[in-house]
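1. Sharing a sequence plus its predicted fold:
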Amino acid sequence: MDQIRVFTAARIHTMDRGRPEADAVATSEGRIVSVGSLESMEPWLRRNPHVVDDTYADRVLMPGFIDPHTHLRMSGTYMGLNYVGPIESASPTGIRAGLPDRDAVLNQLRSLASEASTGPDGRPEPITAWGYDPATQLGHLDRDMLDQISDTVPLWVCAYAPHIVYANTPMIELIGVDEKTDMHGLGRYPDGRLNGWFIETGAIGHAFKPVAASVYSEGFGREAIARLGGVARDAGITTTTDMLWGFENFETEWDEHRAAIDDGSLPLRMLMVPFEPRLRKRFGADALDFLASKRAEGDERLATHGVKWVNDGSYPSMTLKLGFPGYLDGEEGLTGEDPWDSLFDLMLPYWKAGVQIHSHANGDATVDMTLDLLERLQMAHPRFDHRFVIEHYCLSTPAQARRLAALGGGASVNAYFVRFRAQMHADSGFGPDRSEATARLGSLERAGAFFAVHSDFNLVVTPLSPLLVAEIAATRIGADGVTVLAPGERISVDRALRAITVDAAHLLHQDHRIGSIEVGKLADLTVLADDPYEVAPTDIGGIEVIGTVLGGEPT
Ligand SMILES: [Zn+2]
């Protein structure tokens, strides 16, 4: 064995229920050799060369945090565009202020349009912006509104949760659609005229084409990965996934992550989860072979994992699918680009091949559909320990949690919405009942379904902070700072901290190698200034992250 490095700490929370606390952890060759005290690990230290590292002697150590659902490369890319969102946002040039409402956004676009540059063909270049949030900023944008800003400069505005692109008439012409176009997700006014909305992955992919060269400029991917890799490390994260691998290009995205890991600019373990519609389009019947070849290329830092579908819209952009009585204002939401009745045939080959399925469902109607789907898969080809995951699981019922558990599935839940969105949506979109019961972790726990929490960073209007989402899960205090939303859906601090460590590892089928501080596992640690078990639950999110250790090396 290589030299052993022992990290001492004021306290170590191992998240191994059998051996929950320690004050020293010995590491070698990237893995954990022993956990306990300097005395207890003496049989190892006596036999091997070792150093004792007291850097964290007055700190608290936990397993490296895991965010099981992010989009670092894509969100780092959006951060390079003009910003029109409601909250402060990091950018390549520093923090940018939020814009309070739609009028402020329209004014910003007016000023950008007035300075639009002219392209080689003598026509104005498109203005590309990201970050609009229809719920916080008081209503959607549309074509007529944007035409009033400019009917000559093409305007392209992507929602913060990028499930909608808004375009004016010159932009619609560049995208190349008109009133006669038949396309899923193309928005229309009641009279049938295009309203400038491009909704969900299929239509958005189309809307991207004329701006792709400016959004995806030379080297953008590497910059985006490095930018967001730093943001994630500073939040204490050591492992995350890219939940939309292949949205642009499978090989490019993989190679850029590989390069960023090799040059040290991405201090994380990455799991690349392919977006199935892109996989199918690109590789057809050879998709499983492609995944197998990529699996062989993977290692402990970069690996392919599972497969992903997106089957309804988003919570913040209010495009998810609801059951009765639906949206307050009669909106209908949107399904994903694959018709729901096609999903069983699409998923079955992956299910049979043992590939873990991640199926996005935000609204309770979509959760119902997904449970029906999982039941059909089980009937067609019974499996144990398949870890089928419903991604987001924002609006659900206790009955759905019990059915999910009975079918052996689990949920990766965006619980940030309880703090950042739920109260707003009581009177905008979902109504008071569903909004209050956003992210029902208590129901999942009582049902015995496995679950974890995630950020979806930053394709939704929330920050990236595992400690903060653990606080929210344990307290369910809403945006007003006082109201406890659906108190029976709270979980304990211990369970909330598991949901960002060992339970997140289980959900990703990685708990044999990460998620807890146990002998044999990878030596990934998060270093904290205070003990989240000791502070008040409302203060957990404010605990300072001192740093991370990845494979035994401080990052
Ligand atoms: Zn996502």
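-> Here it is on my side, so go on. Numbers count the residues shown, from 1 in each chain.

2. residues near the residue nearest to residue 163 when sequence neighbours are not counted, how many?
-> Sequence neighbours aside, residue 314 is the residue nearest to residue 163 in space, at 4.2 Å (criterion: C-beta to C-beta, 6 or more residues apart in numbering). Just so you know, the C-beta spots here come from the backbone N, C-alpha and C atoms, and that holds for glycine as well. Residue 314 is flanked by 29 other residues according to other C-beta atoms under 10 Å.

3. same deal with residue 212?
-> Look at residue 212: counted by other C-beta under 10 Å, it has 11 neighbours.

4. List the residues that contact residue 170.
-> Shown in contact with residue 170 (C-beta atoms under 8 Å, 6 or more residues apart in numbering): 124, 150, 151, 152, 153, 154, 155.

5. re earlier: didn't the residue nearest to residue 163 look like it was pressed against residue 429?
-> No. Shown here, residue 314 and residue 429 do not form a contact pair, counting by C-beta atoms under 8 Å, at 10.9 Å.

6. about what we covered before: among the contacts of residue 170, which ones lie close to the ion?
-> With C-beta under 5 Å from the ion as the criterion, those include none near the ion.

7. quick one: which of these is most hemmed in?
-> Looking at the contacts of residue 170 with neighbours defined as other C-beta under 10 Å, the largest count falls to residue 155 at 28 neighbours.

8. doesn't residue 108 make contact with it?
-> No. Distance between residue 155 and residue 108: 11.1 Å, which falls outside the contact criterion (C-beta under 8 Å).

9. Now do the shared contacts for those two.
-> Between them, residue 155 and residue 108 share these contacting residues under C-beta under 8 Å, 6+ apart: residue 129.

10. near the ion, which residues of the stretch 351-500 of the chain?
-> residue 456.

11. Format the contacts of residue 170 as a markdown table; extra columns: distance to residue 394 and pLDDT.
-> Output for the contacts of residue 170, formatted as a markdown table (distance: C-beta to C-beta, whole Å; pLDDT from 0 to 100):
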| residue | distance to residue 394 | pLDDT |
| --- | --- | --- |
| 124 | 39 | 93 |
| 150 | 36 | 96 |
| 151 | 38 | 95 |
| 152 | 40 | 95 |
| 153 | 36 | 96 |
| 154 | 33 | 97 |
| 155 | 30 | 97 |
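
12. What about those, which are in strands?
-> residue 155 (DSSP state E).

13. Surely the residue nearest to residue 163 is in a helix?
-> No. Under DSSP: H, G, I helix; E, B strand; the rest coil, residue 314 sits outside any helix and is assigned coil.

14. give the contact list for it.
-> Applying C-beta under 8 Å, 6+ apart, we find residue 314 in contact with 161, 163, 320, 362, 459, 460.

15. which of the residues you listed sit farthest apart?
-> Pairwise distances among these were taken by C-beta to C-beta; the largest, 13.8 Å, belongs to 320 and 459.

16. When these two are compared, which one has more neighbours?
-> Taking neighbours as other C-beta under 10 Å, residue 320 and residue 459 compare with residue 320 leading, 30 against 23.

17. Would you quantify the distance from the more buried one to residue 331?
-> Counting by C-beta to C-beta, to the nearest Å, the separation of residue 320 from residue 331 is 10 Å.

18. One more: residue 425?
-> Taking C-beta to C-beta, one finds residue 425 at 12 Å from residue 331.

19. who's more crowded, those two?
-> Using other C-beta under 10 Å as the criterion, residue 425 and residue 331 rank with residue 425 on top: 24 against 13.

20. Give me the pLDDT for the more buried one.
-> pLDDT recorded at residue 425 is 94.

21. Looking at the chain, which helix is longest?
-> What stands out as the longest helix in the chain, according to DSSP state H, is helix 364-380.

22. now for that helix, which elements pack on it?
-> helix 343-353, strand 357-361, helix 398-406 (3 or more C-beta pairs under 8 Å, 6 or more residues apart in numbering; DSSP states H and E).

23. so can I have TSV of those showing mean neighbour count and mean pLDDT?
-> As requested, the helices and strands packed on helix 364-380 are arranged in TSV below (neighbours: other C-beta atoms under 10 Å; pLDDT from 0 to 100):
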stretch	mean neighbour count	mean pLDDT
helix 343-353	17	98
strand 357-361	26	98
helix 398-406	19	98
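
24. In JSON lines, list these along with distance to residue 117.
-> Shown next, in JSON lines, are the helices and strands packed on helix 364-380 (distance: least, C-beta to C-beta, whole Å):
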{"stretch": "helix 343-353", "distance to residue 117": "43"}
{"stretch": "strand 357-361", "distance to residue 117": "38"}
{"stretch": "helix 398-406", "distance to residue 117": "51"}
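
25. which SS state does residue 170 fall under?
-> Three-state assignment for residue 170 (three-state DSSP): helix.

26. wait, doesn't residue 53 sit right on residue 4?
-> No. Residue 53 lies out of contact with residue 4 (C-beta under 8 Å); the separation is 10.3 Å.

27. Quick check: neighbours shared by these two?
-> Residues touching both residue 53 and residue 4 (C-beta under 8 Å, 6+ apart): none.

28. higher neighbour count, these two?
-> Shown here are residue 53 and residue 4; by other C-beta under 10 Å, residue 4 has more neighbours (21 against 16).

29. Now the closest residue to the more buried one other than its chain neighbours: phi and psi?
-> Nearest non-adjacent residue to residue 4, counting by C-beta to C-beta, 6+ apart: residue 50, 3.8 Å away. Main-chain torsions, residue 50, degrees, to the nearest 10: phi -160, psi 160.

30. Check residue 91 and give its pLDDT.
-> Reported pLDDT for residue 91: 69.

31. Would you mind listing what in this protein touches the ion?
-> Proximity of the chain to the ion, by C-beta under 5 Å from the ion, involves residues 243, 456.

32. Let me know the helix or strand that the closest residue to residue 127 other than its chain neighbours is in.
-> In this structure, residue 127 finds its nearest non-sequential neighbour in residue 112, 4.8 Å apart by C-beta to C-beta, 6+ apart. Applying DSSP states H and E as the criterion places residue 112 in helix 102-114.
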